[in-house]
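Participant: Give the three-dimensional model of this entry:
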Amino acid sequence: MPIIKVIIPAYNEADSIAHVINDIPKIVDQVIVVSNNSTDDTEQNAKDAGATVLKETQKGYGYACLKGMDYVSKQEIKPDIIVFLDGDYSDYPEELTKIIQPIIERDIDFVIGARVKRLREKGSMTMPQIFGNWLATSLMRIMFNSTFTDLGPFRAIKYEKLLALNMEDKTYGWTVEMQLKALRQKLSYVEIPLNYRNRIGISKVSGTVKGAIFAGVKILTWIFKYSFKK
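Facilitator: As a prediction, this is how the structure comes out:
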């Protein structure tokens, strides 16, 4: 088996984080939880569940992911695959085996866990999320001839390909930046339909008007930035 590390950005996910960690398949070499300035028991609960816990005081999804990547880069033995997973228990961590399978068996570079309608629990995605996904992926299809249907955060990528993307977004644009750069660098990619359920707790993005607006603006900014980039 390849060496697999999971990076979980988490902000105040004390009620869910242990569930997420405990459901991750044992084939994973290391689970890294990046507490993004959490003020509850997220960090302690993650440690108790066996994860490596890092702290990132600058708020932002991208900041947390970059913190995890920086930590991995300093380890002597580098992983073959990095998996990104949210800490809210909306995804099914045990399905990690499904999203790494194309990398291992078919040498695919990048895999997105797609939150398809038939596998989504009712109410698990808000209307702004559904519309935002449709708009973003439609624009990517028109502008870049992509086949993406989702910006799902549950994703796997070869470690060396991730480094080559030179990720930089610090907040809401992290997922779409990765997909746009994957298209730009002509990485091989597939989507795997996964189950999706109502998260534990309130979403910090889609659960607030401010978060939904900021996320939408950031996503569209990345798409149009890349549409004019040669």
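Participant: Would you map the strands across this protein?
Facilitator: In the chain, the strands defined using DSSP state E lie at 4-10, 30-35, 52-55, 81-84, 110-114, 155-158, 189-193.
Participant: quick one: low-confidence ranges for this structure?
Facilitator: 203-215, 227-230 (pLDDT under 70).
Participant: Now do the helices for it: every range, in order, please.
Facilitator: Taking DSSP state H as the criterion, the chain contains helices spanning 17-22, 42-48, 61-73, 96-106, 127-144, 159-165, 174-184, 209-227.
Participant: I'd like to know which of those helices is closest to Val28.
Facilitator: With Cβ to Cβ as the measure, helix 96-106 is the member of the helices of the chain nearest Val28 (7.0 Å). Backbone N, C-alpha and C define where each C-beta goes, glycine included.
Participant: Measure how the closest one sits relative to strand 189-193, angle-wise.
Facilitator: Between helix 96-106 and strand 189-193, the angle comes out at 150 degrees (axes from the mean of the first three to the mean of the last three Cα atoms, to 10 degrees).
Participant: roughly how far out does helix 96-106 sit from the chain middle?
Facilitator: Put simply, helix 96-106 sits 16 Å off its chain's centre (Cα atoms, centre = their mean, to the nearest Å).
Participant: Output the contacting helices and strands for it.
Facilitator: strand 81-84, strand 110-114, strand 155-158, strand 189-193 (3 or more Cβ pairs under 8 Å, 6 or more residues apart in numbering; DSSP states H and E).
Participant: Go ahead and produce PDB holding the CA coordinates of the first one.
Facilitator: Spelled out, it's strand 81-84. Provided in PDB are the C-alpha atoms of strand 81-84 (Å, rounded to 0.1, in the frame of the first residue of the first chain):
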ATOM      1  CA  ILE A  81      -1.200  10.300  -1.500                       C
ATOM      2  CA  ILE A  82      -2.800  13.200   0.400                       C
ATOM      3  CA  VAL A  83      -6.500  13.100   1.300                       C
ATOM      4  CA  PHE A  84      -8.400  16.200   2.400                       C
END
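Participant: Pull up the pairing partners for that strand, direction included.
Facilitator: Pairing partners of strand 81-84, with direction, according to DSSP bridges: strand 4-10 (parallel), strand 155-158 (antiparallel).
Participant: that older thread, need the strands of the chain in a markdown table with mean neighbour count and distance to Ile100, can you?
Facilitator: Output for the strands of the chain, formatted as a markdown table (neighbours: other Cβ atoms under 10 Å; distance: least, Cβ to Cβ, whole Å):
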| stretch | mean neighbour count | distance to Ile100 |
| --- | --- | --- |
| strand 4-10 | 25 | 6 |
| strand 30-35 | 24 | 14 |
| strand 52-55 | 17 | 19 |
| strand 81-84 | 24 | 6 |
| strand 110-114 | 25 | 7 |
| strand 155-158 | 24 | 5 |
| strand 189-193 | 19 | 10 |
